[in-house]
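Trainee: give the three-dimensional model of this entry:
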Amino acid sequence: MSIESRRERRTERRAFKDYVPATPEEAKYYEAAKRVKKIKGFYTHAAVYIMVNVMIIIINIQELDPGESYFQYHNFFTAFFWGLGLLAHGLSLFLPGMLFGDNWEEKKIKELMEKDKSNKWE
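Mentor: Numbers count the residues shown, from 1 in each chain. Okay, here's the model as predicted:
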């Protein structure tokens, strides 16, 4: 990838990030596009997780002494802790309403605005 193409991609990302939709249809499209980017990021994360852990397994098997068992706790540290991170990534993406419910952010913003309004000096 050339430096020029990287600059173009960075410019596109910035423009996409600062985009303000003019119609409800554009807003829906923008939200859907953001969600697709997040899903793509999760799938990339999962693919890298699998590839790296397969390489670690291959290296660990090659370094085993004759008769030594592969099932030792230190062979699973990376897969376990990275797997927890991958699980958290997936849950935050596919079950966002599980902890806070639907429209939690909007409700909290309104609540804080009302609280701010009532605490102003007059």
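Trainee: let me see the ranges of the helices in the chain.
Mentor: 3-17, 24-62, 77-94, 97-100, 104-118 (DSSP state H).
Trainee: how about these in TSV, adding distance to residue 71 and mean neighbour count?
Mentor: In this view, the C-beta of every residue, glycine as well, is placed from N, C-alpha and C. Below are the helices of the chain laid out as TSV (distance: least, CB to CB, whole Å; neighbours: other CB atoms under 10 Å):
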stretch	distance to residue 71	mean neighbour count
helix 3-17	44	10
helix 24-62	11	12
helix 77-94	12	13
helix 97-100	33	10
helix 104-118	43	10
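Trainee: worst average pLDDT in those helices?
Mentor: With a mean of 68, helix 97-100 has the lowest mean pLDDT of the helices of the chain.
Trainee: distance of the residue nearest the centre of the chain from residue 39?
Mentor: Centroid check for the chain by CA atoms, centre = their mean gives residue 89 as the closest residue, at 5.0 Å. As judged by CB to CB, to the nearest Å, residue 89 and residue 39 stand 11 Å apart.
Trainee: could you do residue 65 as well?
Mentor: 43 Å.
Trainee: same check, this time on residue 50
Mentor: In terms of CB to CB, residue 50 sits 17 Å off from residue 39.
Trainee: again with residue 8
Mentor: 23 Å.
Trainee: likewise residue 74?
Mentor: Where residue 39 is concerned, residue 74 sits at a distance of 33 Å (CB to CB).
Trainee: equivalent analysis for residue 58, please.
Mentor: 29 Å.
Trainee: picking that back up, show me the contacts for the residue nearest to the centre of the chain.
Mentor: 42, 45 (CB atoms under 8 Å, 6 or more residues apart in numbering).
Trainee: one more time with 10 Å, if that's ok
Mentor: 38, 41, 42, 45, 46, 49 (CB atoms under 10 Å, 6 or more residues apart in numbering).
Trainee: and for residue 72?
Mentor: With CB under 10 Å, 6+ apart, residue 72 has these contacts: 60, 64.
Trainee: residue 48 now?
Mentor: For residue 48, counting by CB under 10 Å, 6+ apart, the contacting residues are 82, 86.
Trainee: same thing with residue 117?
Mentor: Per CB under 10 Å, 6+ apart, neighbours of residue 117: none.
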